[in-house]
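Colleague: Quick one, structure for this:
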Amino acid sequence: MVRFLSAMLPAAALLLVVQAARAQGGPHEDLRRALEENARAFGVEAGAAVPDLIHISTPMPEGLLREEEQVNFDYADMVDRMEKMSRTVIGRNRKKRRVDTGVTPADRVEAGAIKYVVLHASGGATGKPGACEGTVSWLLSQKTAAHFMVCRDGRVIRMVRIENIANHVKNPAIDAASVGIETESGQPGPNPFVQSDWAPESYWRMYASVAWLIRAIAKETDMPRDRAHVLTHGEADLGLPRAHQDPGPHFESASYPEFDARFPGQAVTPREFLMRLVADDVPPQIWMVASAGLLDEVEIKDTNSLGLAHVRVWRQDAAGKPTTLMQDWSAPAAGMPPVSLRFPVPPAPGVYRFVARDLVGNTSAAHVKVPEPAPGDQPLASADRRPIPPTE
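Modeller: Next up, the predicted model:
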């Protein structure tokens, strides 16, 4: 049995990806010979150990299977996309300020005046239920303001429209040219900064939503997505009297076992992880892989090792419309999200649509066609499979 997977790889043309195996005769014989000829073209000798992926560099027939991917999106689309992932109350549920000071009406997006994003620690990360909402209530009653609050669980609350100037740092020039983002980090009392505020196993959703928000703002305003334009409150206030220091030293330099395990030897800190998310333009990659069992599998992988957020598998009708949700996976709240997952291809004949999204919304989709079995077609043992290395 042959199954086809359309998988877009960055900087590569559409490839026809075929899962097959060595066979000694029958309906697989012609395919076996073609695969072995292709293997020799790559310098792979018979019996050699090769990766568990089979790629044939043949252009996909027009109209057979099509691949889709989306790397970024407009600010106006952010509300809909984030709400579908159930991690925001941005947009229609935006909060209204209860004081008249702290915000200056402006038209900064049209004027091209937004050059920076400034990250803050709200000082209200007590770990108690309702802490984020309580911080928002307090912020809305102050003479200072920020545009957004991002909660530990990933929700985003908009307090001020980005078109307007919010008084969130001491430097007036930065205020006039920046968007302020409060995070549910920092503690009340004399010791405001603790390492656990940025612990990735429990705060990864906050990282993801902050990065997602920065990316959307950057696209809307043409702001570069780099460290020179994503500032901390401490950097914005640098050299001024009574300068703030948030989000604090742990954001800049703390180490965590979860980061060390995922990025060995790279000394990844909270700020570095966040900036990798902000800069990530590689959608998840999708492959057909050989399985040890009777069912083929689809592997979905984030090649930057940042993490997968959501995977859905739909069965499509004859018109190409998704009709039945076969699989709906989301990264669990606790623990770092995985970077690679495998899902079995449903055995029933039909066309299935795999849709994968990473932590910042980069999305890939691929179709897997499971044909009707040919007469006498038998499942092949894993040991009989003969994969071919991927093309460049």
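
Colleague: Now Glu110. Nearest residue, chain neighbours left out?
Modeller: Distances taken as C-beta to C-beta, 6 or more residues apart in numbering put Glu163 closest to Glu110, at 7.8 Å, once the chain neighbours are dropped. Yep, even glycine has a C-beta here, placed from its N, CA and C like the rest.

Colleague: Now name the helix or strand holding Arg312.
Modeller: strand 308-316 (DSSP states H and E).

Colleague: Kindly report the same for Val278.
Modeller: Using DSSP H and E, Val278 falls in helix 270-279.

Colleague: What's the first helix or strand after that helix?
Modeller: Assigned by DSSP H and E, the successor of helix 270-279 is strand 285-289.

Colleague: going on from that following strand, what's the next piece of helix or strand?
Modeller: Assigned by DSSP H and E, the successor of strand 285-289 is strand 297-301.

Colleague: Parallel or antiparallel, list what pairs with that next one.
Modeller: Each strand paired with strand 297-301, and its direction, by DSSP bridges: strand 285-289 (antiparallel), strand 340-344 (antiparallel).

Colleague: Kindly calculate the angle that the first one makes with strand 308-316.
Modeller: Interaxial angle, strand 285-289 versus strand 308-316 (axes from the mean of the first three to the mean of the last three C-alpha atoms, to 10 degrees): 60 degrees.

Colleague: before we move on, what about the last one?
Modeller: Orientation of strand 340-344 against strand 308-316 (the same axes, to 10 degrees) gives an angle of 20 degrees.

Colleague: now the strands for the stretch 151-300 of the chain?
Modeller: Using DSSP state E, counting those that start in this stretch, the strands of the stretch 151-300 of the chain run over 156-158, 165-166, 178-183, 230-232, 285-289, 297-301.

Colleague: and Gln195, which of the strands paired with strand 297-301 is closest to it?
Modeller: Closest to Gln195 of those, according to C-beta to C-beta: strand 340-344, at 28.1 Å.

Colleague: Tell me the buried residues in the closest one?
Modeller: Neighbour counts over strand 340-344 (16 or more other C-beta atoms under 10 Å) mark 341, 343 as buried.

Colleague: After that strand, which helix or strand is next?
Modeller: strand 350-358.

Colleague: How far does that following strand sit from its chain's centre?
Modeller: Taking the mean of its C-alpha atoms, strand 350-358 sits 16 Å from the chain's own mean (C-alpha atoms, centre = their mean, to the nearest Å).

Colleague: List the strands paired with the next helix-or-strand element following that strand, with their directions.
Modeller: Downstream of strand 350-358, the next assigned helix or strand under DSSP H and E is strand 363-370. Note on strand 363-370: by DSSP bridges, its sheet partners are strand 3-6 (antiparallel), strand 68-70 (antiparallel), strand 350-358 (antiparallel).

Colleague: now the strands paired with strand 297-301 in CSV, with mean pLDDT and distance to Gly239?
Modeller: Below are the strands paired with strand 297-301 laid out as CSV (pLDDT from 0 to 100; distance: least, C-beta to C-beta, whole Å):
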stretch, mean pLDDT, distance to Gly239
strand 285-289, 83, 45
strand 340-344, 91, 45
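
Colleague: Quick one: closest of those to Ser196.
Modeller: strand 340-344 (27.5 Å).

Colleague: tilt between the top helix by length along the chain and strand 308-316?
Modeller: If you go by DSSP state H, the chain has its longest helix at helix 200-221. If you take the same axes, to 10 degrees, helix 200-221 sits at 70 degrees to strand 308-316.

Colleague: Convert helix 200-221 to CSV, retaining C-alpha atoms only.
Modeller: Taking C-alpha atoms only, helix 200-221 is exported to CSV below (Å, rounded to 0.1, in the frame of the first residue of the first chain):
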residue,chain,number,x,y,z
PRO,A,200,9.7,27.5,31.6
GLU,A,201,7.9,24.4,32.8
SER,A,202,5.0,26.5,34.2
TYR,A,203,5.4,29.8,32.3
TRP,A,204,5.8,28.6,28.7
ARG,A,205,2.4,29.9,27.8
MET,A,206,3.3,33.3,29.0
TYR,A,207,6.5,33.3,26.9
ALA,A,208,4.5,32.1,23.9
SER,A,209,1.8,34.8,24.2
VAL,A,210,4.3,37.6,24.8
ALA,A,211,6.2,36.5,21.7
TRP,A,212,3.0,36.1,19.6
LEU,A,213,2.0,39.6,20.7
ILE,A,214,5.4,41.1,19.8
ARG,A,215,5.3,39.5,16.4
ALA,A,216,1.8,40.8,15.6
ILE,A,217,2.8,44.3,16.8
ALA,A,218,6.0,44.2,14.7
LYS,A,219,4.1,43.3,11.6
GLU,A,220,1.5,45.9,12.1
THR,A,221,4.1,48.7,12.7
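
Colleague: Tell me the buried residues in that helix?
Modeller: Residues of helix 200-221 classed as buried by neighbour count (16+ other C-beta under 10 Å): 200, 202-221.
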